[in-house]
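Visitor: need a 3D model of the sequence below.
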Amino acid sequence: MPTFAAMLASLYNKYKPYYSDNLRLAMPIVVSQLGHTLVHLADSVIVGHFAGTIQLAAVSLVNSIFMLILVIGMGIAYGLTPLIAQQNGRQNYSECGKLLSNSLLINILTSLVLYAFVHMGTLMVIDHLGQSPEVVAFAKPYLGYLGISIIPLLIFQTFKQFTEGLGFTKQAMYISIWGNLINIVLGIIFVKGMFGISPMGVKGVGLSTLIDRCIMAIVMTIYVLRSKHFRKYITEFRMALFDKVRALKIVKIGAPVALQYSFEISAFSGAAILIGTIGAVEQAAHQVAINLAAVTYMMASGIASAATIKTGNNFGKGDFKDLRRSAIASYHVIILFMSITAILFILANRMLPFIYTEDPAVINIAAQLLIIAGFFQLFDGTQVVGLGVLRGIGDVNLPTIITFIAYWIIGIPLGYFLGITYGLGVNGIWYGLTFGLLTASLLLFIRFQNKTRALHAGQSGAPT
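Guide: Next comes the predicted model:
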């Protein structure tokens, strides 16, 4: 009977080529995906150290609301990637430019609608969420700047998803790195009030984020339209080219992806609002812990994006054996990675909060939450990879229902019961979120197994 070590060696050798291929594609995406989270992480760190706990709580409140709006746009933009990967797999290059044209128009329209929603809706509702009046006063101007930043961000995302669908992942990574450096430098200058500028507090990080995203959108657009790498793909790209059939294809994938993101992010936003009714210190501690968890999530999301691209490419080629093996390799990578981050969260739970604040009350609560976050790392990683693989084959509708059930039928109600009704406070709310992630992870893995086995076996029912 083979030993456990021999079984692991056999498994490694079987999937080794897929590990290296997936990681080469994934690592630049991981870095560029981290860019979105690091913007908010930088905002939290700068405000926590230079503006105090009340303004840090304002960042928590705004981020919990704004991310719910932002992921709708991000999800719509994401509808382009699997379609580009599939068309590239079929060597249908001119179709890629037509899809890009339609995606850009859809994303610009989406960004304008979302900005209007922030400006005319959210800024009025924020007064009626049961939050501290001091926190709300600081939150409003910050949210206003972030609302405008949706427009350049979705333009950046359009070209980013296009290049990543073709397997060009490093360029968006470099732009994200430089963008974040600009955001941090400007954020410190504006918040503290340097070089003759009056101290702006939390409003300053909102302004720095807006400037950063405008620069990123301009640079990414120029790169794609002028690079020799994309000439054969953008021969049919026209700003005014709108085609109902292609637009519908993008929306059919993008809208469910937006809902998937929305159900998960809104669950965490709902949790933040529930925690805000407990107190500003608890809300600030939640912001610290959820920011750290978001960093590892975005890294996992980068691996999932690579899984989408590889899956879409193999699906376009009709190579279902490689499709399944590549997807399984992505599961292996994410389980190992999230296990490491879980151990880090648990062992360093009292040290990591110092990145954000020196308030002992906030640190004490955040340390408890990081232990819980350590446990849900595995479930968070595996569920996002499951979603990524299924998107690659165009399977988005049932996974959307799964995410709704996991977060809003199970996660939030259980968190409310444990945290508010049963009296476990912020910890109880996080227990509910963890169980929601576990549910999503298991159901999506079952769906993945059923769909990819059917494809590999040559059975009918491959999605169109």
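
Visitor: report the contact partners of the nearest residue in space to Leu143 that is not next to it in sequence.
Guide: In space, and not counting its chain neighbours, Leu143 is closest to Val62: 4.7 Å by Cβ to Cβ, 6 or more residues apart in numbering. Using the backbone N, CA and C atoms, a C-beta is placed for each residue, glycine as well. Residues counted as contacts of Val62 (Cβ atoms under 8 Å, 6 or more residues apart in numbering) are 139, 142-143, 146.

Visitor: residues near Lys170, how many?
Guide: Neighbourhood size, Lys170 [other Cβ atoms under 10 Å]: 13.

Visitor: over to the one 4 residues further on?
Guide: The criterion is other Cβ under 10 Å. On that basis, Tyr174 has 14 neighbouring residues.

Visitor: SS state for Ile278?
Guide: Judged by DSSP: H, G, I helix; E, B strand; the rest coil, the three-state class of Ile278 is coil.

Visitor: hmm, it is touching Leu424, no?
Guide: No - taking contacts as Cβ atoms under 8 Å, Ile278 lies outside contact range of Leu424: 10.9 Å.

Visitor: for Ile372, give its distance to Arg325.
Guide: Look at Ile372 and Arg325: by Cβ to Cβ, to the nearest Å, they are 34 Å apart.

Visitor: now Tyr142
Guide: 46 Å.

Visitor: for Phe376, same thing?
Guide: When Phe376 is compared with Arg325 (using Cβ to Cβ), they lie 28 Å apart.

Visitor: neighbour count: these two, which is higher?
Guide: Using other Cβ under 10 Å as the criterion, Phe376 and Arg325 rank with Phe376 on top: 24 against 18.

Visitor: residues contacting the more buried one?
Guide: By Cβ under 8 Å, 6+ apart, the residues touching Phe376 are 293, 433-434, 437-438.

Visitor: what helix or strand does it sit in?
Guide: helix 360-392 (DSSP states H and E).

Visitor: I'd like the next helix or strand past that helix.
Guide: Past helix 360-392, the next helix or strand by DSSP H and E is helix 397-404.

Visitor: so where's the stretch 351-464 of the chain uncertain?
Guide: For the stretch 351-464 of the chain, residues meeting the criterion pLDDT under 70 lie at 456-464.

Visitor: give the contact list for Pro226.
Guide: Pro isn't right for residue 226; it's Arg. With Cβ under 8 Å, 6+ apart, Arg226 has no contacts at all.

Visitor: poorly predicted segments of the stretch 201-350 of the chain, please.
Guide: By pLDDT under 70, the weakly predicted segments of the stretch 201-350 of the chain are 201-202, 236, 239-241.

Visitor: quick one, helices of it?
Guide: Using DSSP state H, counting those that start in this stretch, the helices found in the stretch 201-350 of the chain span residues 202-226, 244-276, 280-317, 320-347.

Visitor: now do the last one: which elements does it pack against?
Guide: Counting by 3 or more Cβ pairs under 8 Å, 6 or more residues apart in numbering; DSSP states H and E, the packing neighbours recorded for helix 320-347 are helix 4-50, helix 280-317, helix 360-392, helix 425-456.

Visitor: picking up where we left off before, just the buried members of the contacts of Val62?
Guide: Buried members of the contacts of Val62, scored by 16 or more other Cβ atoms under 10 Å, are 139, 142-143, 146.

Visitor: what are the phi and psi values at Met351?
Guide: Main-chain dihedrals, Met351, degrees, to the nearest 10: phi -90, psi -40.

Visitor: gap between it and Ile365?
Guide: As it turns out, when the distance is counted by Cβ to Cβ, Met351 lies 15 Å from Ile365.

Visitor: now Gly302
Guide: Look at Gly302 and Ile365: by Cβ to Cβ, they are 29 Å apart.

Visitor: thinking again about what came up before, closest one of the buried ones among the contacts of Val62 to Leu25?
Guide: Closest to Leu25 out of those is Leu146 (30.3 Å), distances taken as Cβ to Cβ.

Visitor: and what about the closest one, helix, strand or coil?
Guide: Assigned by three-state DSSP, the conformation of Leu146 is helix.

Visitor: contacts only, for it.
Guide: Leu146 makes contacts with 62, 66, 118, 206, 209-210, as judged by Cβ under 8 Å, 6+ apart.

Visitor: again, 10 Å this time
Guide: Going by Cβ atoms under 10 Å, 6 or more residues apart in numbering, Leu146 touches 39-40, 43, 62-63, 65-67, 69-70, 115, 118, 153, 205-207, 209-210, 213.

Visitor: go ahead and build a ChimeraX selection from the buried members of the residues you listed.
Guide: In ChimeraX, this line selects whichever of those come out buried by 16+ other Cβ under 10 Å:
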select :39,40,43,62,63,65,66,67,69,70,115,118,153,205,206,207,209,210,213
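
Visitor: ok, which stretches of the stretch 51-200 of the chain are helices?
Guide: Using DSSP H, counting those that start in this stretch, the helices found in the stretch 51-200 of the chain span residues 53-78, 80-89, 93-117, 123-125, 133-165, 170-192.

Visitor: okay, angle between the last one and helix 133-165 too, please.
Guide: Going by axes from the mean of the first three to the mean of the last three Cα atoms, to 10 degrees, helix 170-192 is angled at 160 degrees with respect to helix 133-165.

Visitor: which elements pack onto helix 170-192?
Guide: Contact partners of helix 170-192 among helices and strands, from 3 or more Cβ pairs under 10 Å, 6 or more residues apart in numbering; DSSP states H and E: helix 4-50, helix 133-165, helix 202-226.

Visitor: for Gly392, which of the helices of the stretch 51-200 of the chain is the nearest?
Guide: Closest of the helices of the stretch 51-200 of the chain to Gly392 is helix 80-89, at 5.3 Å (criterion: Cβ to Cβ).

Visitor: got phi/psi on Arg90?
Guide: Here is the backbone geometry of Arg90 (degrees, to the nearest 10): phi -90, psi 0.

Visitor: please tell me how far the nearest residue to it once chain neighbours are set aside sits from Gln449.
Guide: Counting by Cβ to Cβ, 6+ apart, Gly316 is the residue found nearest to Arg90 once chain neighbours are left out, at 4.8 Å. Gly316 sits at a distance of 22 Å from Gln449 (criterion: Cβ to Cβ).
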